[in-house]
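A.B. asks: Have a look at this prediction, sequence included:
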Amino acid sequence: MTATHTQPHEQRARRRPRGGPVRDMVALVLLPLPLLVAMAPQSFAGGGTRRWFGRGESQRAEAQAAKDAAAAAFYELDTAQRDLRISIETITAVDSSPPARRAAEEYEGLGRRIDEVSQGYITAVDAHDLDRDDLDGPAVSRARTDLVRAKDELNRVKGDLDRFAQGLGPLLQTAETQLARLAPAVERARQALLAASNALDTVRAQGLKADDLAARLAALAPELTKLNQGAGQHGVQETIRRADDVLRKAEDVRTEAARLPGKAAEIDKRLVSLRTRAQAITTRAEKVDPILSELRRRYSAACWQDLQQVPEQAAQSVKQAEVKLREAQQARDEQRWADATSRLGTVRALLDGTDEAVSAAGDRLQRLDAVSFDRQKEVERTRFAVRDAQRLAMSGRNTPDPRHAGPLDEAVARLDRAVAGLEGRHPDWWHFLTETEAVRQTAARVVQEIRDARGTAGG
């Protein structure tokens with residue numbers, strides 16, 4: 001819809017000056033004197049011709065005003081349609097929901113109505129040349145009627161267009177919000193890719209390859225190409241989603257690259273530490289045999305049989321740990337960081353188990369010596385734990401809860417049996433120690449159950 005159809009009429013209006021009283025008077029003055037004398041009676045007899053020109057010019061002015069009003073309505077409708085088209089294009093670029101599709105369909109329907117009334121306006125303008133000198137009164141009246149009708153139709157459709165535009169408010173606001181996110185999201189993704197690339201350059205300058213990170217960054221190149229192609233080709237929502245995904249992955253690469261020098265240094269430190277620890281455990285394992293000899297000489301077989309395999313197992317575990325250490329060193333040299341970390345974890349687990357086994361022999365001898373010298377200390381320690389649990393079980397009660405009294409009574413009996421088992425020439429001191437430990441654990445469990453129950457009731 002454009003206003004170009006009215007230009008020929010306006011140009012003709014500028015080329016052809018309108019008639020009027022002054023123009024008629026000048027024409028009379030320029031007539032030859034005899035002709036002027038001959039026309040004088042006609043000019044002033046009743047003033048008929050003068051009155052006709054006045055009435056015709058008024059009608060022509062009204063028609064021209066109607067034409068101007070119709071042109072203004074045409075222009076306003078055309079402007080509103082262009083603005084609304086931008087809104088619809090904004091919505092459909094972002095939103096593919098049913099409401100958005102219905103809005104686009106309704107806009108197309110309004111467009112057809114606009115074309116119809118616009119054509120009616122153009123037809124009315126083309127049908128009536130108000131600049132014609134010989135335009136009679138009825139023609140002027142018809143022109144005014146047609147132009148007023150065209151203006152009214154234009155205004156009516158303009159009103160429908162305005163109401164439709166107001167109803168688009170929520171859809172348009174959502175679409176504009178999405179569009180407002182688009183450019184910043186794409187820019188953040190590009191900056192994240194640049195930062196990741198710079199971080200890789202930095203670690204490579206330190207002699208670190210970071211091939212896996214470089215491969216992950218290279219895999220984002222097709223995504224960057226799609227971002228550069230823009231939302232016009234891939235859609236606004238898809239472009240925003242892609243930008244967010246690229247941002248997250250590039251940030252991961254940058255973060256891991258920044259941590260890489262520290263990770264390499266930490267692996268180097270762990271390699272040195274675990275080598276030192278393996279050597280220390282090897283030295284300590286050499287002292288297990290003398291400890292076992294002392295246990296065999298002074299205590300019954302039940303006190304040391306489970307420790308017989310400790311020296312051999314310790315040697316095997318340390319040997320396995322040393323193999324894994326060499327593998328970890330090779331992985332580190334090849335900058336296979338995940339493999340190096342995994343093998344170092346295996347080495348630590350092997351050394352932890354070996355360290356515990358080696359320590360168990362020395363601890364066993366120490367505890368057996370202490371209890372064989374003074375058993376009463378262990379007994380009193382255990383009885384105190386049971387009595388403490390019994391006092392708590394009776395607190396605020398006349399009789400204990402069977403759920404607590406039963407385990408505690410069994411614990412007392414178990415302790416008595418353990419003490420009685422020490423009678424004889426070669427008592428099983430280790431069995432005695434494991435029994436007293438079990439009794440204390442029972443007492444501690446009952447105490448915890450009582451406290452949990454009271455805490456729940458109080459809450």
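C.D. replies: Ah, there it is. Keep in mind that this is a model prediction, so the values were computed, not measured. Numbering: from 1, shown residues only.
A.B. asks: Please make it C-alpha for all contacts and neighbour counts, starting now.
C.D. replies: Noted.
A.B. asks: Nearest residue to residue 296 in space, please, no chain neighbours.
C.D. replies: Leaving aside its sequence neighbours, residue 296 sits nearest to residue 304 (CA to CA, 6 or more residues apart in numbering; 7.0 Å).
A.B. asks: Hmm, residue 325 and residue 275 touching each other?
C.D. replies: Yes. Residue 275 is in contact with residue 325 according to CA atoms under 8 Å; the separation is 7.5 Å.
A.B. asks: between those two, who's got more neighbours?
C.D. replies: Legend: neighbour count by other CA atoms under 10 Å for residue 275 and residue 325, higher for residue 325 (25 against 15).
A.B. asks: Angles on the backbone of residue 452, please.
C.D. replies: phi -60, psi -40 (degrees, to the nearest 10).
A.B. asks: From residue 256, how far out is it?
C.D. replies: Residue 452 sits 45 Å away from residue 256, going by CA to CA, to the nearest Å.
A.B. asks: So those two - more neighbours on which side?
C.D. replies: Comparing residue 452 with residue 256 by neighbour count (other CA under 10 Å), the higher total belongs to residue 256, at 17 against 12.
A.B. asks: Off-centre distance for stretch 298-307?
C.D. replies: Centre-to-centre, stretch 298-307 and its host chain are 63 Å apart (CA atoms, centre = their mean, to the nearest Å).
A.B. asks: Go ahead and name everything in contact with that stretch.
C.D. replies: The contact list for stretch 298-307 (CA atoms under 8 Å, 6 or more residues apart in numbering) reads 292, 295, 296, 361, 426, 427, 428, 429, 430, 431.
A.B. asks: Quick check: end-to-end length of that stretch?
C.D. replies: End-to-end distance for stretch 298-307, by CA to CA: 15 Å.
A.B. asks: now stretch 200-217
C.D. replies: One end of stretch 200-217 sits 9 Å from the other (CA to CA).
A.B. asks: which of the residues in it are buried?
C.D. replies: Using 16 or more other CA atoms under 10 Å as the test for burial, stretch 200-217 gives 200, 201, 203, 208, 209, 210, 213, 214, 217.
A.B. asks: Residue 181 against residue 243, yeah?
C.D. replies: No. Taking CA under 8 Å as the definition, residue 181 is not a contact partner of residue 243, at 10.4 Å.
A.B. asks: what about residue 108, neighbour count?
C.D. replies: Neighbour count for residue 108, taken as other CA under 10 Å: 13.
A.B. asks: which secondary structure element contains it?
C.D. replies: Residue 108 belongs to helix 98-127 when elements are defined using DSSP states H and E.
A.B. asks: in that helix, what's buried?
C.D. replies: 100, 103-104, 107, 110-111, 114, 117-118, 120-122, 124-125.
A.B. asks: Stretch 375-388 too?
C.D. replies: Neighbour-count burial for stretch 375-388, counted by 16+ other CA under 10 Å, picks out 375, 379, 382, 383, 385, 386.
A.B. asks: ditto for stretch 165-173
C.D. replies: So for stretch 165-173, counting by 16+ other CA under 10 Å, buried means 165, 168, 171, 172.
A.B. asks: any chance of the residues you listed in a markdown table, plus secondary structure and pLDDT?
C.D. replies: Formatted as a markdown table, the buried residues of stretch 165-173 follow (DSSP: H, G, I helix; E, B strand; the rest coil; pLDDT from 0 to 100):
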| residue | secondary structure | pLDDT |
| --- | --- | --- |
| 165 | helix | 86 |
| 168 | coil | 80 |
| 171 | helix | 81 |
| 172 | helix | 80 |
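A.B. asks: In terms of secondary structure, what does the helix holding residue 108 contact?
C.D. replies: Applying 3 or more CA pairs under 8 Å, 6 or more residues apart in numbering; DSSP states H and E, we find helix 98-127 packed against helix 48-94, helix 137-167.
A.B. asks: hang on, the earlier thing: which members of the contacts of stretch 298-307 are positioned in helices?
C.D. replies: Applying DSSP state H to these, the entries found in helices are 292, 295, 296, 361, 429, 430, 431.
A.B. asks: Based on its surroundings, how many neighbours for residue 296?
C.D. replies: When counting by other CA under 10 Å, one arrives at 15 neighbours for residue 296.
A.B. asks: Distance check, residue 354 against residue 89.
C.D. replies: From residue 354 to residue 89 the distance is 73 Å (CA to CA).
A.B. asks: swap in residue 434?
C.D. replies: For residue 434, the distance to residue 89 (CA to CA) stands at 82 Å.
A.B. asks: more crowded one of these two?
C.D. replies: Ranked by neighbour count (other CA under 10 Å), residue 434 and residue 89 place residue 89 first, with 14 against 11.
A.B. asks: Got the confidence number for the more buried one?
C.D. replies: Model confidence at residue 89, given as pLDDT, is 78.
A.B. asks: got the contact list for it?
C.D. replies: Residue 89 makes contact with no residue under the criterion CA under 8 Å, 6+ apart.
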